[in-house]
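Chemist: structure for the following, please:
(one chain, ligands or ions: 1)
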Amino acid sequence: MIKLIKSTFFHELQTKKALCAFILKSEQLSIGKKCDEFEKRFAIWQKRKFCVLFNTGSSANLALIQALLNLGVIGKGSKIGFSGITWATNVMPLMQLGLEPIPIDVEVESLNVSPKTLEDSYNKNPFQCLFLTNLLGLSDDILGIKNFCQEKNILLLEDNCESLGSISNNIMLGNFGLASTFSFFVGHHMSAIEGGAVCTNDKDLNRELRMVRSHGWDRHLSKKEQKFLRLKHNISDFEAKYTFFDLAYNLRPTEITGFLGLHQLAFLHKTIKSRESNFNAFLTLLKNSAKFYPLNIKMNCTSNFAMPIICKAEVTKKKCIQLCKKKGIEIRPIVGGVMSDQPFFKKYITKTFYLPNSRLIHKNGFYFANNPELSQKEIKYIISTLSSI
Ligand SMILES: Cc1ncc(COP(=O)(O)O)c(C=O)c1O
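Modeler: You can find the predicted model right below:
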C-alpha cells in the first residue's frame with residue numbers, strides 16, 4: 001500500500017534514538033530552552049522576526065485569532081473571509097470567537113483563492129480580514145491578493161499549515177500577511193509528532209501570542225515587557241506569577257516539541273526539494289490525461305503537501321477510487337472539502353454560499369501521497385495506474 005504518510009519522522013530511526021537520548025538527559029521537559037531555540041531558528045528559516053511555538057497548528061490558528069481580538073485589531077462580529085476549501089480548525093476559531101466567517105471560492109486550476117474570486121466575494125459581502133489558506137503547498141496569485149488587501153484595507157493572515165517552504169514571487173508563503181500559522185503534525189513538511197507555530201514581524205502580536213499561549217500570564221515575555229505590564233496594572237513581581245492579564249488558553253508545546261522541531265529542521269531543505277520534484281513528476285499525469293483538469297501553478301518552489309487530482313467527470317473519480325483500492329494506493333478527499341458545507345458549519349450558519357469551483361473540487365477531486373520518502377518506483381506506479389483510467 002502506498003500510504004499518504006510513511007513514517008512519523010524523516011530519518012525515523014535516527015530521530016527516535018536522538019529523542020530517547022534527549023529525554024534521558026533532560027531535567028526539564030515542560031516548555032523551556034529547546035522551545036526558545038527552535039523559535040529563534042524557525043524564525044530565521046521563515047525570514048520573520050518572531051516565531052511562537054504551539055502544541056498544534058490548530059492551536060496556532062486559535063491563538064492568532066484570540067490575540068488579534070485581545071489587541072483590538074479585530075472586533076467581535078467582524079467579518080472574516082476564508083478559503084472555500086480548507087481545514088476545519090482554520091474556520092472553527094472564527095466561529096468560536098464570535099466572528100462572522102465568509103467563504104471565498106477558489107480556482108479549479110490552483111485550488112486556491114485568486115485575486116478574482118477574492119474581489120467577487122468582497123464586492124458581494126465586504127470583510128475586514130482575510131484568513132487565507134495556502135492549500136496543499138500551492139497558491140494562486142498571492143501577490144495580487146496581498147495588493148487587493150492593501151488597497152481595501154483588509155488584514156491579511158495566512159494559514160500556511162500545508163505550505164511550509166513554498167515560494168511565490170520570490171517570497172516564501174507565510175510572509176505575505178501580518179502573521180502566518182504552521183503545523184508540525186505527522187505527515188506535514190516537518191513533524192514534531194504534534195506542533196504548530198505563528199510567525200510574524202509584529203512585536204505586539206508576538207507578545208500577545210505568548211500570553212494567549214500560556215494562561216494570559218507574562219512569564220514568557222521579555223523583562224522590559226513584563227515591567228511595562230506590571231506597572232500598568234500595578235502588580236508586584238510576587239503577584240505577577242499568578243496574574244492573568246487577558247483571555248487565554250494553555251496551548252504550550254513541550255521540550256519534546258522543541259527538540260524534534262530542531263532535529264527535523266535540519267532535513268527541511270532536502271525534504272522540500274523532494275516534494276517539489278515529486279510534484280513536477282506528477283504533473284505529467286495531468287498533462288497527459290484529458291480526464292483530469294490541468295493545474296496552472298506559477299511558483300518559484302512548490303513544496304507540495306499531497307497531490308490533488310480533479311476529475312472532469314464524477315464517474316471518473318468513482319473509477320479512480322475503485323482502481324486505487326485495488327492497486328493499493330491510498331487516496332482521500334481534498335483536505336476538508338467545502339468547509340461551509342460541513343455539518344459543524346451548517347449547524348450554526350444557515351446561509352448558503354455560491355462556491356461552484358470549491359464544490360466541483362470537492363465532488364470530483366481526491367489526493368494521493370506526496371512525501372519525501374516516495375521512491376521513483378512508487379511515483380511511476382502511481383502515474384501509470386492513474387493514467388490507465
Ligand atoms: C490548512 C490547515 N490548517 C490547520 C491545520 C491544523 O493543524 P494541526 O493538525 O497541527 O492541528 C491543518 C492540518 O492538517 C491544515 O491542513
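
Chemist: now do the strands in the protein.
Modeler: For the chain, the strands defined by DSSP state E cover 50-54, 79-83, 100-104, 129-133, 155-159, 167-168, 171-172, 179-183, 196-200, 306-310, 331-332, 365-369.

Chemist: closest to M339 out of the ones you listed?
Modeler: Nearest of these to M339, taken as Cβ to Cβ: strand 100-104 at 6.5 Å. Quick note: C-beta positions are derived from backbone N, CA and C, even for glycine.

Chemist: given that closest one, what are its sheet partners and their directions?
Modeler: Counting by DSSP bridges, the strands paired with strand 100-104 are strand 79-83 (parallel).

Chemist: how about the helices in the stretch 251-389 of the chain?
Modeler: Applying DSSP state H, counting those that start in this stretch to the stretch 251-389 of the chain gives helices spanning 255-265, 268-288, 314-327, 343-348, 356-364, 376-387.

Chemist: residues making contact with the second one?
Modeler: In this case it means helix 268-288. The contact list for helix 268-288 (Cβ atoms under 8 Å, 6 or more residues apart in numbering) reads 10, 45, 137, 164-165, 189-190, 292-295, 301-305, 307, 309, 370-372, 374, 379, 382-383, 386-387.

Chemist: ok, back up a step: export the helices of the stretch 251-389 of the chain to CSV and tack on distance to the ligand?
Modeler: Shown next, in CSV, are these (distance: least, Cβ to the nearest ligand atom, whole Å):
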stretch, distance to the ligand
helix 255-265, 11
helix 268-288, 15
helix 314-327, 21
helix 343-348, 15
helix 356-364, 14
helix 376-387, 22
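
Chemist: about what we covered before: C20 is nearest to which of the strands of the chain?
Modeler: C20 lies closest to strand 50-54 among those, at 21.6 Å (Cβ to Cβ).

Chemist: for stretch 239-246, what is the average pLDDT?
Modeler: Averaging pLDDT along stretch 239-246 gives 98.

Chemist: ok, G144 - contacts?
Modeler: Contacts for G144 (Cβ under 8 Å, 6+ apart) come out as S114, P115.

Chemist: wait, P253
Modeler: I31, C35, L53, F54, N55, A192, G195.

Chemist: could you measure from the third one over to K116?
Modeler: In this structure, L53 lies at 36 Å from K116, with Cβ to Cβ, to the nearest Å as the measure.

Chemist: of the two, who's got more company?
Modeler: Legend: neighbour count by other Cβ atoms under 10 Å for L53 and K116, higher for L53 (30 against 14).

Chemist: close enough to count as contact, the more buried one and R41?
Modeler: No - between L53 and R41 there is no contact under Cβ atoms under 8 Å: 10.7 Å.

Chemist: and for the residue in the stretch 1-150 of the chain that the ligand sits nearest to, the neighbour number?
Modeler: Residue of the stretch 1-150 of the chain nearest the ligand, by Cβ to the nearest ligand atom: G57 (2.6 Å). Using other Cβ under 10 Å, G57 has 26 neighbouring residues.

Chemist: how about it: what's its closest non-neighbour residue?
Modeler: S183 (2.7 Å; Cβ to Cβ, 6 or more residues apart in numbering).

Chemist: pLDDT score for G336?
Modeler: pLDDT, G336: 89.

Chemist: isn't it right next to T89, touching?
Modeler: No - in terms of Cβ under 8 Å, G336 does not count as a neighbour of T89; the distance is 9.1 Å.

Chemist: domain assignment for this structure?
Modeler: If you go by automatic domain parsing, the domain ranges for the chain are 12-265, 268-387.

Chemist: up against the ligand, what does the stretch 101-250 of the chain have?
Modeler: T133, D159, C161, E162, S183, F185, G196 (Cβ under 6 Å from any ligand atom).

Chemist: excluding chain neighbours, what is closest to the residue nearest the centre of the chain?
Modeler: Against the mean C-alpha coordinate of the chain, by Cα atoms, centre = their mean, the closest residue is C161 at 1.6 Å. Leaving aside its chain neighbours, C161 sits nearest to S183 (3.7 Å; criterion: Cβ to Cβ, 6+ apart).
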